[in-house]
Each structure stands twice: as C-alpha cells, then as structure tokens.
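In: One predicted model, sequence on top.
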Amino acid sequence: MRQSGNTLRRRPFRPDNIKKFKVQADGMLLETVATVLKDHKPSKLKSMLKHHQFAVNGSPCSQFDRQVMTDDELWINFDGSFRIFSHPKIKLIYEDNDIMVVDKGCGILSTSAGKIKDDTVFSVIRNYVKVGNEQAHVYMVHRLDRDTSGLMLLARSAKARDKMVKQWGQLVVARKYEAIVEGLVEDERGSVENYLQDADNYEVVSTTTPNEGAQFAKTLYEVIRRSSRTTHVELSMHKGHKNQLRVHMKDIGHPICGDRKYGGHSNPIHRLALHATKLTIIHPVTGKELSFESPIPEKFMKLM
C-alpha cells in the first residue's frame, strides 16, 4: 500500500554529550563547576544549573550550594537535562555506578512479598536504572520494614553487591534510627541484647537462650528528649535482624508509637514512628567513607 504525503523518518538515536570530571577540592557545586567551565559566563552556568545539567556522582542536582567533595565525580550534560527520578514515596539521595541510597517513605515495601510484586523500592529503582540500558541491574543488600521510613542502601553492580554481602559488618560504619516510643524511658542510654527468631505468625520473638534458628541481636538506645507520655530516642544496631528495633523496644516495655504488632497501644499519626536517620558506609569499590542523613518526619513531633 502506498502512503500519500511526506514519509516521516525516525532520527537515529544520538546520546547526550556528557562529560565527567574528577573534583579536585571540597566546595559548593556552582563554584566547582565554574573552575571546570572557565569559558562559561556565570549566567550560563546558572541556567545550566536550573535545567539540571549538572550531576554529582550520577545524581542530578540544581542546588547551587550542594556540597561536593574531593574525588567526587562531576557530570555535565552539554546537550540537555539529566533525567530526574521522581516517585511519591521514594527520594533518590545518592547514585553512582556501584551503589544507590534512597530515602524510603512509610507504606512501601522494600521488595516483593506475597502477591505484591510491583511498586516496591526494588521494582521502582530497577525500572529507573533500565531506562536507556536494559542490561542495567540493581540488587537488594539492605531492607526496611514497610512501615519504617528513611535511608536505604542498594547495589548497582555485582561487584558492590558481593562485597557488601560478604563484608557488611566492615563496610557499614553506622546505622542510626530515631523513634518515638510509648512511656518515659528511665535510663539516658542503654542496650538490649538477646536472640531473635521468626515465629509461625509472621512475627519475630526474642529469647535469652540461643537455639536453632535464633540469631544474636544487640540494640543501643539513647534518650533525646522526653514528653509527658512519650520518649524520643536514637537507636542503633550493627548487623540487624528483621523487626529488631521494634521487638527490642517492646522488650524494655516501651513499644514504638503506632506499633500495635509489637505492643503499641495507640496509633495517633497512623504510622509507625520509626525512621532511619543516618547511614555511614565505606564505599565497597572506591573505599571512600560516605555519610547520609534524613531528618525525622514532622509528624513525629506531634507525639512529643
């Protein structure tokens, strides 16, 4: 069949002109870009910044005072904007060729469970990295409960995944959470140590004696402040077991607010008051120490 009129021809794909530079000194993003693009006027640099043409370690940024560190990778897209990741419950904090750090919202699973396969952190990030590169991969090395929010680590390369799985204790320097718990915690700081194991009712139970299937778990807690009925605490653990913080707060008689599964009596903000606030790691490939922070949700303060 002949077609009348002009025949539209598909233009061949041409990748954007993206160049990568090694940051030579600590500083702010716009200042650092200016030292690289010395032939560009300040107005041009500000325009490129506004249109998301700069990225640090693969993460697009339009914040002029974004802190960049020595040996970070500065990416510059001379042809257009970098693709911006957007999801109502996931915020992309950091990205390079080997790892990703996201800020997970409450109510979304880390990975598939039961009949839920899509709209998990894993599926959303997997779809994101595969755009333009079907061979790209993402691997789960760290999970948060569905009702826990905050910082979460993923691997983008098999090399990073394997090293984090084998050397998790050495590579994860610190994992800290903040929670609002019921009642007034008496001691300013303390620890909970016991053994945790999965029960038949999909809960985790603790025991003081080791047995088959039980794993040793230790949680450190420190009081940040108290109100008349609740306590704001910082929690930290090294390796971590599923539901560990929730079980351990129940064990000391101060369940996390909103956690009816583990002893909570009320749910005034309609969510679990537990948030992963700080994550410090040794990069599994570069060996560089990286630290990330996420402030606790404003809703938590209503409980105080």
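Out: The structure has been received and is ready for your questions. Residues are numbered from 1 along each chain as shown.
In: Just the helices from this protein, written as ranges.
Out: Assigned by DSSP state H, the helices in the chain fall at 29-36, 42-50, 121-130, 158-166, 168-171, 244-251, 299-302.
In: Which one of those lies nearest to G287?
Out: Nearest of the helices of the chain to G287, taken as CB to CB: helix 168-171 at 9.6 Å. Heads up, the C-betas are built off the backbone N, CA and C, glycines and all.
In: Output that closest one as PDB, nothing but the C-alphas.
Out: Coordinates of each C-alpha in helix 168-171 appear next as PDB, following Å, rounded to 0.1, in the frame of the first residue of the first chain:
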ATOM      1  CA  TRP A 168      28.600  -5.900  55.700                       C
ATOM      2  CA  GLY A 169      30.000  -5.600  59.200                       C
ATOM      3  CA  GLN A 170      33.200  -3.900  58.000                       C
ATOM      4  CA  LEU A 171      31.600  -1.600  55.300                       C
END
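In: Flag every buried residue along it.
Out: Of the residues in helix 168-171, those with enough neighbours to count as buried (16 or more other CB atoms under 10 Å) are W168, L171.
In: now for it, which elements pack on it?
Out: strand 274-282 (3 or more CB pairs under 8 Å, 6 or more residues apart in numbering; DSSP states H and E).
In: Paired strands for the strand it packs on, with orientation please.
Out: Next to strand 274-282 in the sheet, as set by DSSP bridges, lie strand 149-155 (parallel), strand 172-182 (antiparallel), strand 289-293 (antiparallel).
In: Put together JSON lines for the helices of the chain, with mean pLDDT and distance to F64 on each row.
Out: Shown next, in JSON lines, are the helices of the chain (pLDDT from 0 to 100; distance: least, CB to CB, whole Å):
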{"stretch": "helix 29-36", "mean pLDDT": "94", "distance to F64": "4"}
{"stretch": "helix 42-50", "mean pLDDT": "93", "distance to F64": "6"}
{"stretch": "helix 121-130", "mean pLDDT": "91", "distance to F64": "25"}
{"stretch": "helix 158-166", "mean pLDDT": "95", "distance to F64": "30"}
{"stretch": "helix 168-171", "mean pLDDT": "92", "distance to F64": "32"}
{"stretch": "helix 244-251", "mean pLDDT": "96", "distance to F64": "37"}
{"stretch": "helix 299-302", "mean pLDDT": "92", "distance to F64": "30"}
